[in-house]
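Visitor: For reference, the sequence and a predicted model appear below.
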Amino acid sequence: MAGVLVYIEQVGGDVAAVSRELMGKGQELAASLGGPLNALVVGGDVAGLANQAAALGAATVYTVSDASLATYTTDGHVAAAIAAVGAAQPALMLASASFQMRDFGAALAADLDAGLAVDVTDLKVEGGAVSAVRPSHGGNVINTYTFAAGRTVVALVRKQSFAEAAGGASGGTVTSLPLPATTMRTQVSNVAPKTGAVNLTDAAIIVSGGRGLSDKDNYYKLIPPLAEALGGAYGASRAIVDAGWVPYEHQVGQTGKTVSPKLYVAAGVSGAIQHLAGMRTSRNIVAINKDPEAPMFRVATFGLVGDVNEVLPLLTAELRQRLGR
Ligand SMILES: Cc1cc2nc3c(=O)[nH]c(=O)nc-3n(C[C@H](O)[C@H](O)[C@H](O)COP(=O)(O)OP(=O)(O)OC[C@H]3O[C@@H](n4cnc5c(N)ncnc54)[C@H](O)[C@@H]3O)c2cc1C
């Protein structure tokens, strides 16, 4: 039992960003575990994705291809993964912490009698044992789970926790595995993607506004333009979602979305514990608030004490000029 197996997710026929991140971190972890970095591609038609996974550095890309695997079902995809784990014998299996992969990872770990860590933000290997870091209690407690060596560990990792694999690797092989006989208890008859959905959890840059924006018109005048200038999405505190300024799908926090972007700008957001619960693991936090005592400054990488009505238009104009947007 050695090395790492990464479950490759796809978006529109391409390897998902989170899977590229797992391949990046997987390279380092596989070396520490003294084994290869392998990948698993499951689906109806997997050839294109398998080649992409090989280019991301997989020594072997295991594929399980079957018409019944074209859409996700617990039974089908877990059965495929068990076949790949049997072939690869990984010490560590990595997948994302999306809702679908939480379902997958829990079922897989139960079937394999493996260790399971969910919503992981960091991983390391010491003395052959895998340790997974996982925030809980709204990010106020950071837990480290250490798994005894000798059993596969399934770790489901939060998006944007690691840098993406560079790509351009060569020399990987593709090994096709048959789908083991399995009873499919779920039949997916139709998939209807939600249209116009706000994908805050995937955004690398988020600009959020709060009650400090004064009213709905001012929020839309100042926040989306800054988000657009930065090439990001826009979010909101619950206070202004509850006030009806912004739809719920933009809400960040304990009862909204949990996000971990590369850059989180909080403008006129106080930094209540319930808001921080959804964004404090962001890589860089910029707080803009007229109150120097606002709690958001305690978690901020950069802080700017000022009035959003003065700061945001200047910032947006400057960024537009510099970034050409
Ligand atoms: C069970 C529960 C769950 C919750 N879940 C969430 C959640 O998911 N997400 C969430 O966000 N909240 C959540 N809350 C609410 C949370 O406690 C706060 O009430 C909320 O986050 C406050 O929003 P805010 O920062 O926009 O408003 P405020 O706390 O009113 O802060 C406004 C900030 O704007 C600043 N400001 C004012 N004018 C200006 C100006 N002109 N320029 C610059 N700064 C200015 C002020 O100094 C202040 O810091 C939850 C609460 C509970 C009880």
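Guide: Alright, I've got the coordinates. Numbering: from 1, shown residues only.
Visitor: measure Lys290 to Ile273 for me?
Guide: Counting by CB to CB, to the nearest Å, the separation of Lys290 from Ile273 is 21 Å. For glycine as for every other residue, the C-beta is placed from the backbone atoms N, C-alpha and C.
Visitor: List the buried residues of stretch 57-71.
Guide: Neighbour-count burial for stretch 57-71, counted by 16 or more other CB atoms under 10 Å, picks out Gly57, Ala58, Ala59, Thr60, Val61, Tyr62, Thr63, Val64, Ser65, Ser68, Leu69.
Visitor: Now distance to Leu37 too, for those residues, in a markdown table please.
Guide: As requested, these are exported to a markdown table (distance: CB to CB, whole Å):
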| residue | distance to Leu37 |
| --- | --- |
| Gly57 | 6 |
| Ala58 | 6 |
| Ala59 | 6 |
| Thr60 | 9 |
| Val61 | 10 |
| Tyr62 | 12 |
| Thr63 | 16 |
| Val64 | 18 |
| Ser65 | 21 |
| Ser68 | 28 |
| Leu69 | 23 |
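Visitor: Include pLDDT when you put these into TSV, please.
Guide: Output for these, formatted as TSV (pLDDT from 0 to 100):
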residue	pLDDT
Gly57	97
Ala58	98
Ala59	98
Thr60	98
Val61	98
Tyr62	98
Thr63	98
Val64	98
Ser65	97
Ser68	94
Leu69	95
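Visitor: And the residues you listed, which is closest to the ligand?
Guide: Leu69 (35.8 Å; CB to the nearest ligand atom).
Visitor: Okay, the closest one and Glu228: tell me how far apart.
Guide: Counting by CB to CB - Leu69 and Glu228 are separated by 38 Å.
Visitor: For Thr301, which non-adjacent residue is closest in space?
Guide: Nearest non-adjacent residue to Thr301, counting by CB to CB, 6 or more residues apart in numbering: Asn284, 4.5 Å away.
Visitor: so the one you found bridges to which residues?
Guide: Beta-bridge pairing for Asn284 (DSSP bridges): Leu263.
Visitor: try the one 4 residues further on
Guide: Listed by DSSP bridges, the beta-bridge partners for Ile288 are Ala267, Leu304.
Visitor: Can you tell me how far it is from Ser65?
Guide: Ile288 is 50 Å from Ser65, by CB to CB.
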